[in-house]
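A.B. asks: Quick check, what structure comes out for this input:
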Amino acid sequence: MIKLIFSTCLCFSILGIQAQTFSVTSGTRVAVPRVEEEGGEPILAKIHYNFKHLNDTTNKAQFLKDETVTYLSKATSYYTTYSSSKVSEEVARQVADPTFDGNIKITKSVTGIKTFYYLEPNEQDLKAVHQVGINEFLSEEEFPVQDWKLTDERKTIGGYDCQKAEATFKGRTYTAWFTTEIPFPYGPWKLNGLPGLILEAHDAKNEVVFEYAGFDLIDSLNLRMGIPQLAKVDKVGDIKKAEAAFESNRQAAVNSGSGAVKLGIIRGMKPNNTSSESMSKIKSINVLADENYKPSQTTNNPIELTQ
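C.D. replies: Numbers count the residues shown, from 1 in each chain. Take a look at the predicted model:
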């Protein structure tokens, strides 16, 4: 089944750019087709994190930040950005305002992560979803294994009794706080394999930080997740070429959804109520910089320090 998602894809683009104004040309469809299938794993819960990454060691006062979420099922997890959903809601709010003049204003205080991770522990399988403008590409990665050492140290996070665990992974030593009160072996990013959900985690230098920001049970039987059977696994080289093309002309990416296909990992999500007629009123989108958020555009300190 093919669905039109009106603004989420555009919001991914907004979160990835610096402060600027770009126009939405007449007739632009702020939507792309999404390949979606029946089935998939029922989503039982989700955990929110405030993610921080010191990507540039010459600018230690500023971290890259995003609001992220891990969706949880019995057999799988999916770690992705959540801030794009908030931008989508803000766009819809402004468009619905009777005084709307066609000009959207968004204040950017986060940088949306561009790579999401779909984890299947029983299959020892990890898929990476790469967001490039309004496109999504799929690649395969080595399944992440951490040799966790459990300690006796405990603390309470969000009302849950948590235990401390430590492991070295991809060149960093991580401390994770997990709770057996929520018996999912998942966490943020690629961290997994503990006898309970990871609520918080950080590396030894506090350069990569995942702070607990809330946990919600999902009561909808329709909300599911899975990799579509028709999804094509792309070569890393092809993904890098697509990234370079997008960076060279972001305006064109905003105005053209031709050929773009969403993978539809999350299924059954309620669409935004804003009508296509209302969305056609958008003339421009002005992305304003938060004065307190000025992360470096240079990365000399990646999350993964080793292969």
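
A.B. asks: Now do residue 236: how many residues are near it, please.
C.D. replies: 13 (other C-beta atoms under 10 Å). C-beta: built from backbone N, CA, C; applies to glycine.

A.B. asks: Flag the shaky bits of the stretch 51-200 of the chain, pLDDT-wise.
C.D. replies: For the stretch 51-200 of the chain, no stretch has pLDDT under 70.

A.B. asks: give me that answer again for 90
C.D. replies: Within the stretch 51-200 of the chain, the ranges that satisfy pLDDT under 90 run 83-93, 96, 105-108, 131-136.

A.B. asks: Could I get the full set of helices for it?
C.D. replies: For the stretch 51-200 of the chain, applying DSSP state H, counting those that start in this stretch gives helices covering 83-96.

A.B. asks: And the strands in the stretch 101-250 of the chain, which stretches?
C.D. replies: 103-108, 115-120, 125-132, 135-141, 149-157, 160-169, 172-179, 197-203, 208-217, 224-225 (DSSP state E, counting those that start in this stretch).

A.B. asks: Please find the angle between the direction vectors of the first one and helix 83-96.
C.D. replies: Put plainly, it is strand 103-108. 150 degrees (axes from the mean of the first three to the mean of the last three C-alpha atoms, to 10 degrees).

A.B. asks: Likewise for the third one?
C.D. replies: Here strand 125-132 points in a direction 40 degrees away from that of helix 83-96 (the same axes, to 10 degrees).

A.B. asks: Mean neighbour count for the strands of the stretch 101-250 of the chain - can I get that in CSV?
C.D. replies: Conversion of the strands of the stretch 101-250 of the chain to CSV gives the following (neighbours: other C-beta atoms under 10 Å):
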stretch, mean neighbour count
strand 103-108, 17
strand 115-120, 20
strand 125-132, 19
strand 135-141, 18
strand 149-157, 11
strand 160-169, 18
strand 172-179, 21
strand 197-203, 23
strand 208-217, 17
strand 224-225, 22
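
A.B. asks: CSV please, covering the ones you listed and showing distance to residue 265.
C.D. replies: Below are the strands of the stretch 101-250 of the chain laid out as CSV (distance: least, C-beta to C-beta, whole Å):
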stretch, distance to residue 265
strand 103-108, 25
strand 115-120, 6
strand 125-132, 6
strand 135-141, 8
strand 149-157, 27
strand 160-169, 24
strand 172-179, 24
strand 197-203, 20
strand 208-217, 18
strand 224-225, 5
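
A.B. asks: Those strands: which one's closest to residue 58?
C.D. replies: The closest of the strands of the stretch 101-250 of the chain to residue 58 is strand 208-217. By C-beta to C-beta, the value is 17.2 Å.

A.B. asks: That closest one pairs with which strands, and in what direction?
C.D. replies: Sheet pairing of strand 208-217 (DSSP bridges) gives strand 45-53 (antiparallel), strand 197-203 (antiparallel).

A.B. asks: Just the residues contacting that strand, thanks.
C.D. replies: For strand 208-217, contacts defined as C-beta atoms under 8 Å, 6 or more residues apart in numbering pick out 44-54, 63, 67-68, 157-158, 160, 172, 174, 182, 187-189, 191, 197-203, 303.

A.B. asks: CA atoms of it as PDB?
C.D. replies: Extracted in PDB, the C-alpha atoms of strand 208-217 (Å, rounded to 0.1, in the frame of the first residue of the first chain):
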ATOM      1  CA  VAL A 208      28.100  10.500  24.100                       C
ATOM      2  CA  VAL A 209      25.100  10.800  26.400                       C
ATOM      3  CA  PHE A 210      21.600   9.300  26.400                       C
ATOM      4  CA  GLU A 211      19.500  10.800  29.100                       C
ATOM      5  CA  TYR A 212      16.100   9.300  30.200                       C
ATOM      6  CA  ALA A 213      13.200  11.500  28.900                       C
ATOM      7  CA  GLY A 214      10.200   9.300  29.500                       C
ATOM      8  CA  PHE A 215       8.700   5.800  29.000                       C
ATOM      9  CA  ASP A 216       5.200   5.100  27.500                       C
ATOM     10  CA  LEU A 217       3.200   1.900  27.000                       C
END
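
A.B. asks: Local confidence estimate at residue 20?
C.D. replies: At residue 20, the model reports a pLDDT of 57.

A.B. asks: just the one 5 residues further on next, same as before
C.D. replies: As predicted, residue 25 sits at a pLDDT of 48.

A.B. asks: What of the one 5 residues further on?
C.D. replies: pLDDT recorded at residue 30 is 39.

A.B. asks: What's the separation between the residue lying farthest from the centre of the chain and residue 112?
C.D. replies: For the chain, the largest distance from the centre (C-alpha atoms, centre = their mean) belongs to residue 152, which lies 32.5 Å off. Residue 152 sits at a distance of 38 Å from residue 112 (criterion: C-beta to C-beta, to the nearest Å).

A.B. asks: Skipping adjacent residues, who's closest to residue 293 in space?
C.D. replies: residue 109 (4.7 Å; C-beta to C-beta, 6 or more residues apart in numbering).
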